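1. Could you look at this predicted model? Sequence included:
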Amino acid sequence: MHRIIYLVGFLIRQFALPNPFTPFGDSADSINLIVGGVFVPLSYSMVSLIYERGSAPAWGSILFTIVYAINTGVTYLVCLAYPTAWLMVLIAVAYFALYLFAAYKLREAQ
């Protein structure tokens, strides 16, 4: 079951999710190749806040796909604010602060 869910998640990440850097125009693909690699470790670290590795692999794959999609969506929204640099920074800082707050609360609850 885990392999099927993993495959579906992979297909969603590769073909259904947009390139979040499309607002940058022609350089979107280059930026995605360089910066897009950050999404995987970031998503894994976020999922690790609520999921213990190996406890339920199918559940972990579902969570990873959801968190990856959220990170892609937030990045897309941040890039839509381009060239308004202050708005890009504000959205990114607010998202990171929310992530840190959630991490703190979840660790505190355990």
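-> Now that the structure is in, tell me what you want to look at. Quick caveat, the model's predicted, so the values are computed rather than measured. Residues are numbered from 1 along each chain as shown.

2. Local confidence estimate at the closest residue to residue 8 other than its chain neighbours?
-> Closest residue in space to residue 8, ignoring its immediate chain neighbours: residue 65 at 7.8 Å, by CB to CB, 6 or more residues apart in numbering. (Each C-beta comes from the backbone N, C-alpha and C, glycine too.) Note on residue 65: pLDDT of 95.

3. Pull the number of nearby residues for residue 65.
-> Look at residue 65: counted by other CB atoms under 10 Å, it has 22 neighbours.

4. ditto for residue 47
-> Residue 47: 20 neighbours (other CB under 10 Å).

5. Could you pull up the residues touching the residue nearest to residue 8?
-> For residue 65, the contact set (CB atoms under 8 Å, 6 or more residues apart in numbering) comprises 8-9, 12-13.

6. can you list these in CSV and add pLDDT and secondary structure?
-> Putting the contacts of residue 65 into CSV (pLDDT from 0 to 100; DSSP: H, G, I helix; E, B strand; the rest coil) gives the following:
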residue, pLDDT, secondary structure
8, 95, helix
9, 93, helix
12, 94, helix
13, 91, helix
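
7. Need the residue closest to the centroid of the chain.
-> For the chain, the residue nearest the mean C-alpha position is residue 71 (2.6 Å; CA atoms, centre = their mean).

8. in which helix or strand would I find that residue?
-> Secondary-structure assignment from DSSP states H and E places residue 71 in helix 57-80.

9. next helix or strand past that helix?
-> Helix 57-80 is succeeded, C-terminally, by helix 85-109 (DSSP H and E).

10. Roughly how far does the residue nearest to residue 8 sit from residue 43?
-> Residue 65 sits 9 Å away from residue 43, taking CB to CB, to the nearest Å as the criterion.
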